[in-house]
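> Give the three-dimensional model of this entry:
(one chain, ligands or ions: 2)
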Amino acid sequence: MAELERTFVMVKPDGVQRGLVGEIISRFERRGLKIAAMKMLVVSDELAKQHYAEHASKPFFPGLVGFIKSGPVVAMVVEGKNVVPLVRSMLGATNPANSNPGTIRGDFALDTGRNVIHASDSPESAKREISLYFNTSEIATYSRIDEQWLY
Ligand code: RTP
Ligand code: MG
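Ligands and ions are numbered 1, 2, ... in the order given. I've put the predicted structure just below:
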């Protein structure tokens with residue numbers, strides 16, 4: 001069995017409000033990725049600032065934090081081979097105008113500040129973000145029945 005890595009994925013408030021949660025989860029499932037944890041929550045001011053701490057000095061930071069806590073989000077832990085870059089490639093570019101059709105942002109978004117979905121950009125970020133949003137007891141360990149056909 002291949003070694004499965006983990007990433008953190010979050011459908012942002014615009015994705016939830018626009019009814020894209022099912023579509024997005026379905027893309028990950030059909031790709032063969034495993035959902036190991038999932039919950040809906042409203043992100044607190046403190047959590048939003050921790051999540052996007054790397055951008056604290058950027059001019060867009062206050063708007064980004066305000067947006068992320070503006071409505072419910074769906075947070076997930078997603079597992080699979082090479083999952084961090086794989087999921088980033090499924091998202092498309094930060095600016096949806098530069099995202100290819102077939103990517104989530106390329107199919108569903110128009111504006112950098114409303115780009116529907118977040119995913120970790122490195123294994124280190126994934127570890128940090130997963131621990132911000134989930135306790136270990138909230139993350140399920142199981143095999144997908146089709147794993148032997150995926151790996
Ligand atoms: P994310 O962290 O949300 O997955 O997005 P990302 O890695 O593709 O982009 P990142 O550079 O980490 O930026 C985080 C979010 O901040 C907003 N942003 N606005 N106005 C701007 O120039 C600007 N740059 C970034 C975006 O909503 C981006 O997703
Ligand atoms: Mg980022």
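
> How about the residues of this protein by ligand 1?
Residues of the chain found near ligand 1 (C-beta under 6 Å from any ligand atom) are 55, 60, 64, 94, 112-113, 115, 118-119, 121. (C-beta placed from N, C-alpha, C; glycine too.)

> for the residue nearest the centre of the chain, which residues make a bridge with it?
Closest residue to the average C-alpha location of the chain: V9 at 1.7 Å, with C-alpha atoms, centre = their mean. In this structure, V9 bridges to M76, A119 when assessed by DSSP bridges.

> dump the residue contacts of it.
Residues near V9 by C-beta atoms under 8 Å, 6 or more residues apart in numbering: 28, 75-78, 87, 117-120.

> farthest pair in those?
Longest distance between any two of the contacts of V9 is 14.5 Å, between V77 and I117; criterion C-beta to C-beta.

> What is the least confident helix or strand in this structure?
Lowest mean confidence among the helices and strands of the chain (mean pLDDT, DSSP states H and E): helix 147-150, at a mean of 95.

> Return the set of buried residues in the helix or strand harbouring M90.
Taking DSSP states H and E as the definition, M90 sits inside helix 83-91. For helix 83-91, the neighbour count (16 or more other C-beta atoms under 10 Å) marks 83-84, 86-88, 90-91 as buried.

> now do stretch 125-138
For stretch 125-138, by 16+ other C-beta under 10 Å, it's 125-126, 128-130, 133-134.

> How far does it sit from its chain's centre?
12 Å (C-alpha atoms, centre = their mean, to the nearest Å).

> Which residues does it contact?
5-8, 10, 37, 39, 41, 47, 50-51, 75, 77, 84, 120, 139.

> hmm, try it at 10 Å
By C-beta atoms under 10 Å, 6 or more residues apart in numbering, the surrounding residues in contact with stretch 125-138 are 5-10, 36-39, 41, 43, 47, 50-51, 53-54, 73, 75-78, 83-84, 87, 118-122, 139.
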